[in-house]
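Visitor: Whatever this is, show me its structure:
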Amino acid sequence: MTNILFVCTGNTCRSPMAESMLRHMAKSRGVTIEVQSAGVSAWDGTPMSQHAKEVLEQRKMSNEQFRSHALTGQAVAWADLVLTLTLGHKQHVLQRFPEAADKTFTLKEYVHQDGDQRNVQGALNALVTELQLKLALGDQPTTEEMEQLNYLQSQLPDMDIGDPFGGSLLHYEQTASEIAQALDQLLHRLSEK
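Guide: Model prediction:
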C-alpha cells in the first residue's frame with residue numbers, strides 16, 4: 001500500500017479535492033492506497049471551500065467530513081509520496097523537511113517526468129537544497145548559482161496547478177479537471193508498480 005500526502009496552501013481547495021478524487025478513483029480501479037492532505041499555511045479544522053465541495057459533489061466524490069490540516073513532520077514521515085500542487089509548495093516542504101527530498105514532487109512533475117526531466121529536476125532539487133542550507137547559515141547565493149537556478153527552472157515545463165481560491169465555480173471545475181487528469185496518470189503509474 002502507498003501512503004500519499006497532497007500539499008497545497010490552505011488545505012481548503014486543491015489538496016482536499018485531490019485527496020477526495022484520488023480516494024474515489026483508486027477505489028473504483030481497485031488500487032489500494034491511503035491518502036491525506038495538508039497545507040503549508042493551513043489552520044487545523046477549517047472546512048473545504050464551498051466551490052470545492054460543489055465540484056466534488058458534481059463528480060460524486062464528496063468528502064463531507066473533511067477538515068483542513070497544517071503540514072506536520074508526522075504527516076510527511078507517514079507519506080511514501082508527498083505530492084504538492086505547485087513548485088512553491090514543494091520548495092516549502094523541502095525547506096522544512098529536507099529528509100523528504102527523495103519522495104517529494106509536484107503532482108504534475110511526478111506523472112509527467114521523462115528521463116531528461118528527472119535529471120534536470122534532480123539537479124534543481126540538489127541546488128535548491130544547497131542554496132537553502134547556504135541561506136540558513138547566513139550566506140548569500142552567488143550570481144552563478146542564481147543563474148544556474150534560473151536556467152534549470154527554465155528547462156522544466158510548468159508543473160503548477162493553478163489556485164482557484166476566490167474564483168468562480170467554473171474556475172474550480174477547471175482546476176478539478178486538471179487535477180483529475182494528473183490523478184488518472186498517477187493511478188496508472190501506481191498500478192504499474
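Visitor: Quick check: Ser28 vs Ser15, distance?
Guide: The gap separating Ser28 from Ser15 is 20 Å, by CB to CB, to the nearest Å. Where C-beta positions appear, they are placed from N, C-alpha and C, glycine not excepted.
Visitor: Looking at the two, which is more packed in?
Guide: Counting neighbours by other CB atoms under 10 Å for Ser28 and for Ser15 shows that Ser15 has the greater number, 33 against 10.
Visitor: Could you look up the SS state of the more buried one?
Guide: helix (DSSP: H, G, I helix; E, B strand; the rest coil).
Visitor: dump the residue contacts of the closest residue in space to Gln185 that isn't next to it in sequence.
Guide: Distances taken as CB to CB, 6 or more residues apart in numbering place Val111 nearest to Gln185, at 3.9 Å, with adjacent residues excluded. Applying CB atoms under 8 Å, 6 or more residues apart in numbering to Val111 gives the contacts Ala182, Gln185, Leu186, Arg189.
Visitor: What about Asp80, how many residues nearby?
Guide: Residues near Asp80, counting by other CB under 10 Å, number 12.
Visitor: Identify the residues contacting it.
Guide: Thr2, Asn3, Ile4, Lys103.
Visitor: Please pull out the lowest mean pLDDT helix or strand from this protein.
Guide: helix 115-136 (a mean of 86; mean pLDDT, DSSP states H and E).
Visitor: for the record, mean pLDDT for the host helix or strand of the residue nearest to Gln185?
Guide: Under the criterion of DSSP states H and E, Val111 resides in helix 107-112. The pLDDT scores in helix 107-112 average 91.
Visitor: what comes up buried for it?
Guide: Of all the residues in helix 107-112, those buried under the rule 16 or more other CB atoms under 10 Å are Leu107, Lys108, Glu109, Tyr110, Val111.
Visitor: any chance of those in a markdown table, with distance to Ser49 too?
Guide: Listed next are those as a markdown table, based on distance: CB to CB, whole Å:
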| residue | distance to Ser49 |
| --- | --- |
| Leu107 | 19 |
| Lys108 | 21 |
| Glu109 | 25 |
| Tyr110 | 25 |
| Val111 | 24 |
